[in-house]
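Novice: Below are the sequence and a predicted model for it; my questions follow.
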Protein chains: 2
Amino acid sequence: MRTHTKSSIRGAQPASVSLDLVICAPAGRQLSVLLVPSAEGSREKWTLPWGWSVAGVQPDDGALKIATTALGAKPSWITQVVATGDEKRHPAGASISVGYVAVTAARERALGEGAVWFPSQHLPAMAPRHVALVAAAAEALRVRLDTAPIAFRLLPPTFTLSELQEVYELLLGRSVHKASFRRSLQAVWLVEPTDEWRSEGRGRPAQLFRYAPRKRRGNRRGVRFDLLD
Amino acid sequence: MRTHTKSSIRGAQPASVSLDLVICAPAGRQLSVLLVPSAEGSREKWTLPWGWSVAGVQPDDGALKIATTALGAKPSWITQVVATGDEKRHPAGASISVGYVAVTAARERALGEGAVWFPSQHLPAMAPRHVALVAAAAEALRVRLDTAPIAFRLLPPTFTLSELQEVYELLLGRSVHKASFRRSLQAVWLVEPTDEWRSEGRGRPAQLFRYAPRKRRGNRRGVRFDLLD
DNA sequence: GAAATAGTGTCTCTTAGACACTATTTC
DNA sequence: GAAATAGTGTCTAAGAGACACTATTTC
């Protein structure tokens, strides 16, 4: 039978597997993405944080570690997006790449060595596989926005409802009706008010809220037909 | 250093990557899953159709080929579900497995060698990684049901609206209101009637419809908060 | 006619969005 | 007071589900 290293399995062709991360944070009305300098001799100057998948370490754990190194702190949410092995070039030539998207509230962290935030709409040249992954990551955030607390993980522990709405608008790529947004939010008991208010200089101060989900289900949406194909 | 295959990339640890497929078809009120006999000496008798990822072949293409071999025909829809490398055992010990879910309408195909349909609720013992993948696949179908024509790919080219509704109920795991279902369906112009009717023996014959999407967008759903976490 | 299945009309309740308004701050 | 932002009340239209009904078949 086989020996104990996983790569010696009969019939298996060894592959180089990379873990590649799209780490996002809100920056005003834009989403920013964390990039790191490419290795010496690379075609592009910048790259998404990435690393090789290591035997004995689960890809999800490896990805979390890479994210934590690049960010200087654990991201507040992370999920797998896709595994690709297409002709699009990976910066180090990985045959297969597992892509992740991570989010964090803080842009003012002690970032890892050389890491820099770039606005997602104006990213520098990157390897094609990373360009595709950024698009897939944005789509993944959008799709899961209503079933995972992504927006809340992009904000600090307390936030105003206007800030929350801005995050939704950022990720959805469209504006949202204010009164309707707040009614929906109230109906599902996801946030609770604190006794603090924040004044941004102009206008009435906004009350701060915190994420405190209280309701479990009761939700049941009707059948929707939103087919694109 | 190592030799010239893709696994020779500096710093990369070679991994064995499997492609594993959950191929589904409707069987009455149940969903069935296609299994194949395990290789000699395996702990379990049955396994999901799978194969090694081969250098130079994109995983998605490789998965399609494996599905086609097992099924005896191309599946009508396929998508990636997840990449796992956790402690759960793969039948051949793959270090990393990329899981796919595929659907087809036909159970009466010329199936590949030894392949057998099993009801998804009563699967035989399988390797833990495959058990987990079946659950993830079912969830993926459910989540994408409203944005991809999955239900239509699980049916033959013409079908009755009751059949379509049954597929939705099967995948959603709940019953659906008949009149409301049909109204919604009509509103989005996804099907068109044929001039054929089918009599199932008892009761009024049902008109046959075909999938013929005509509407492009106009859809815009409001912000939903369906958080589970 | 009874049973079974297909298909529809009407009512109610929920909700998304429009609109307009009030409230509280800085200047 | 003007400008700016926060927050709310009301109306309308769409849609989901309940209910009850009609339609067409086999037995």
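Specialist: Perfect, I can see it now.
Novice: After the longest helix along chain A, which helix or strand is next?
Specialist: With residue count as the measure and DSSP state H as the assignment, chain A has helix A:128-144 as its longest helix. Next helix or strand after helix A:128-144 toward the C-terminus (DSSP states H and E): helix A:150-153.
Novice: Run through the neighbouring helices and strands of that following helix.
Specialist: Applying 3 or more Cβ pairs under 8 Å, 6 or more residues apart in numbering or on different chains; DSSP states H and E, we find helix A:150-153 packed against helix A:161-172. Where C-beta positions appear, they are placed from N, C-alpha and C, glycine not excepted.
Novice: Minimum distance to DNA strand C, which residue of chain A gives it?
Specialist: Among the residues of chain A, residue A:204 lies nearest to DNA strand C; the distance is 3.1 Å by Cβ to the nearest atom of the strand.
Novice: quick revisit: for the longest helix of chain A, which residues meet the burial criterion?
Specialist: Buried positions in helix A:128-144, judged by neighbour count with 16 or more other Cβ atoms under 10 Å in any protein chain shown: A:129-134, A:136-138, A:140-141, A:144.
Novice: Ok, stretch A:90-103 next?
Specialist: Of the residues in stretch A:90-103, those buried by neighbour count under the rule 16+ other Cβ under 10 Å are A:90-92, A:94-103.
Novice: near chain B at all, that stretch?
Specialist: Yes. On the criterion Cβ under 8 Å from any Cβ of the partner chain, stretch A:90-103 is in touch with chain B at A:92-96, A:98.
Novice: and chain A, which residues reach DNA strand D?
Specialist: Contact residues (Cβ under 7 Å from any atom of the strand) of chain A with DNA strand D: A:160-162, A:178-179, A:182, A:200, A:202-207, A:220-224.
Novice: Which ChimeraX command selects the buried ones in the residues you listed?
Specialist: ChimeraX command restricting the residues of chain A next to DNA strand D to the buried ones, with burial defined by 16+ other Cβ under 10 Å:
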select /A:160,161,182,206,223
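Novice: Inside helices: which ones of the residues of chain A next to DNA strand D?
Specialist: Judged by DSSP H, helices contain the following of the residues of chain A next to DNA strand D: A:161-162, A:178-179, A:182.
Novice: which residues sit in contact with the nearest residue to residue A:84 once chain neighbours are set aside?
Specialist: Of all residues not flanking residue A:84 in the chain, residue A:97 sits nearest, at 5.4 Å (Cβ to Cβ, 6 or more residues apart in numbering or on different chains). By Cβ atoms under 8 Å, 6 or more residues apart in numbering or on different chains, residue A:97 lies in contact with A:17-20, A:50, A:83-85, A:90, A:129, A:133.
Novice: who's residue A:35 bridged to?
Specialist: Residues found in beta-bridge contact with residue A:35 (criterion: DSSP bridges) are residue A:116.
Novice: Bridged to the residue in chain A positioned nearest to chain B, which residues?
Specialist: Of all residues in chain A, residue A:14 sits closest to chain B, with a separation of 3.1 Å (Cβ to the nearest Cβ). For residue A:14, the beta-bridge partners are residue B:16 (DSSP bridges).
Novice: Quick one: neighbours of it, just the number.
Specialist: As a burial measure, residue A:14 scores 24 neighbours (other Cβ atoms under 10 Å in any protein chain shown).
Novice: Name the nearest residue to residue A:196, ignoring sequence neighbours.
Specialist: Nearest non-adjacent residue to residue A:196, counting by Cβ to Cβ, 6+ apart: residue A:208, 4.5 Å away.
Novice: Pretty sure the one you found sits against residue A:160.
Specialist: Yes. At 6.1 Å, residue A:208 and residue A:160 qualify as touching, with contact defined as Cβ atoms under 8 Å.
Novice: How about exporting stretch A:209-223 as PDB, limited to the C-alpha atoms?
Specialist: Output in PDB follows, covering the C-alpha atoms of stretch A:209-223 (Å, rounded to 0.1, in the frame of the first residue of the first chain):
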ATOM      1  CA  PHE A 209     -25.800  50.300  17.800                       C
ATOM      2  CA  ARG A 210     -24.100  47.000  18.300                       C
ATOM      3  CA  TYR A 211     -24.600  43.700  16.600                       C
ATOM      4  CA  ALA A 212     -26.700  41.500  19.000                       C
ATOM      5  CA  PRO A 213     -28.800  39.000  17.100                       C
ATOM      6  CA  ARG A 214     -31.700  37.900  19.100                       C
ATOM      7  CA  LYS A 215     -34.100  36.200  16.700                       C
ATOM      8  CA  ARG A 216     -33.700  32.700  15.500                       C
ATOM      9  CA  ARG A 217     -35.600  32.000  12.300                       C
ATOM     10  CA  GLY A 218     -39.200  32.400  11.800                       C
ATOM     11  CA  ASN A 219     -37.900  33.500   8.500                       C
ATOM     12  CA  ARG A 220     -39.200  31.700   5.500                       C
ATOM     13  CA  ARG A 221     -38.900  33.400   2.200                       C
ATOM     14  CA  GLY A 222     -41.100  32.400  -0.700                       C
ATOM     15  CA  VAL A 223     -39.800  30.800  -3.800                       C
END
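Novice: Relative to residue A:158, how far out is the residue of chain A closest to chain B?
Specialist: Applying Cβ to Cβ, to the nearest Å, one obtains 49 Å for the distance of residue A:14 from residue A:158.
Novice: can you list the residues of chain A near DNA strand C?
Specialist: Taking Cβ under 7 Å from any atom of the strand, the part of chain A that reaches DNA strand C is made up of A:176-180, A:183-184, A:187, A:197, A:199, A:201-205.
Novice: and those, which two are the farthest apart?
Specialist: When Cβ to Cβ is used, the two most widely separated members of the residues of chain A next to DNA strand C are A:187 and A:201, lying 31.6 Å apart.
Novice: Secondary structure element holding the residue positioned nearest the centre of chain A?
Specialist: Note on chain A: the residue nearest the mean C-alpha position is residue A:102, at 3.0 Å, using Cα atoms, centre = their mean. With the criterion set as DSSP H and E, the secondary-structure element containing residue A:102 is strand A:96-103.
Novice: got the angle for that strand vs helix A:161-172?
Specialist: Orientation check (axes from the mean of the first three to the mean of the last three Cα atoms, to 10 degrees): strand A:96-103 against helix A:161-172 gives 160 degrees.
Novice: Strand A:96-103 pairs with which strands?
Specialist: Partner strands and pairing direction for strand A:96-103 (DSSP bridges) are strand A:14-27 (parallel), strand A:77-84 (antiparallel).
Novice: Could you check the pLDDT of residue A:116?
Specialist: In this prediction, residue A:116 carries a pLDDT score of 94.
Novice: Compute the number of surrounding residues for it.
Specialist: A count of nearby residues for residue A:116, using other Cβ under 10 Å, gives 13.
Novice: For it, list the residues it contacts.
Specialist: Neighbouring residues of residue A:116 by Cβ under 8 Å, 6+ apart: A:34-36, A:46.
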